[in-house]
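Engineer: what would the 3D arrangement of this be:
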Amino acid sequence: MGSPSDSKPQNDYSRIDLSVVVVANAINLMMAALFAARLTGLTQVQYGFGVVAMVLGFALGYATYVNNRSKRDKWMTWFLLPIFLFFVIDLFIDYVWVFNFRDTVIVGPYILLYYVGLWGLIGYGFKFDKKCGFITLATYFVNMTLSILPYI
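Structural biologist: All right, here's what the predicted structure looks like:
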């Protein structure tokens, strides 16, 4: 039987994983709120939700770094990498360079990276805990529903 210190790394990982799941669901809800603000024409509110979602995305970047550095299962890094990359790219094209790329050919890869990132968050949730995976899947559908409403 192991000593209590033997379980410390596992407990640390559980806290990291739970934090990732909480942040993943917060991102889904922030993005849903962003899309709702877009529908109602509240540009400043939309901007605020976008900034909060980006900060949360960078928190996932830190979790990606910790998982990789700790030599955890590669999936715990690969599931998070696309959403982190999405927010890095979004930072530059939406906030640093500020240009309307949504009417250009790069919008397709941008949206694809967003979806792959969100699917990675769902995968991470299921890898951590089945119930967390279903919660993340539910908030993903809320996010997706509000993102496509303008096009229906």
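Engineer: in this structure, which helix or strand is least confident?
Structural biologist: The helix or strand of the chain with the poorest confidence is helix 8-40; it has a mean of 91 (mean pLDDT, DSSP states H and E).
Engineer: now it: buried residues?
Structural biologist: Residues 13, 16-17, 20-21, 23-25, 27-38 are the ones in helix 8-40 that count as buried (16 or more other Cβ atoms under 10 Å). For the C-beta atoms, the positions are set from N, CA and C on the backbone; glycine is no exception.
Engineer: now swap in stretch 63-75 and tell me
Structural biologist: Of all the residues in stretch 63-75, those buried under the rule 16+ other Cβ under 10 Å are 63-64, 66-67.
Engineer: which strands and helices sit next to the least confident helix or strand of the chain?
Structural biologist: Helices and strands touching helix 8-40, by 3 or more Cβ pairs under 8 Å, 6 or more residues apart in numbering; DSSP states H and E, are helix 43-69, helix 107-128, helix 130-148.
Engineer: export the ones you listed to JSON lines and tack on distance to I89 and mean pLDDT?
Structural biologist: What follows is the helices and strands packed on helix 8-40, written out as JSON lines (distance: least, Cβ to Cβ, whole Å; pLDDT from 0 to 100):
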{"stretch": "helix 43-69", "distance to I89": "10", "mean pLDDT": "96"}
{"stretch": "helix 107-128", "distance to I89": "7", "mean pLDDT": "96"}
{"stretch": "helix 130-148", "distance to I89": "17", "mean pLDDT": "97"}
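Engineer: I'd like those as CSV, with distance to L81 appended.
Structural biologist: Formatted as CSV, those follow (distance: least, Cβ to Cβ, whole Å):
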stretch, distance to L81
helix 43-69, 6
helix 107-128, 7
helix 130-148, 17
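Engineer: doesn't A33 make contact with S147?
Structural biologist: No - counting by Cβ atoms under 8 Å, S147 stays clear of A33, with 11.3 Å between them.
Engineer: what's in contact with the helix or strand hosting P82?
Structural biologist: Element membership of P82 [criterion: DSSP states H and E] is helix 81-90. For helix 81-90, contacts defined as Cβ atoms under 8 Å, 6 or more residues apart in numbering pick out 27, 50, 53-54, 57-58, 60-61, 64, 110, 113-114, 116-118, 120-121.
Engineer: ok, 10 Å please
Structural biologist: Contacts of helix 81-90 from elsewhere in the structure, counted by Cβ atoms under 10 Å, 6 or more residues apart in numbering, are 23-24, 27, 50, 53-65, 67-68, 77, 94, 96, 101, 106, 109-121, 124.
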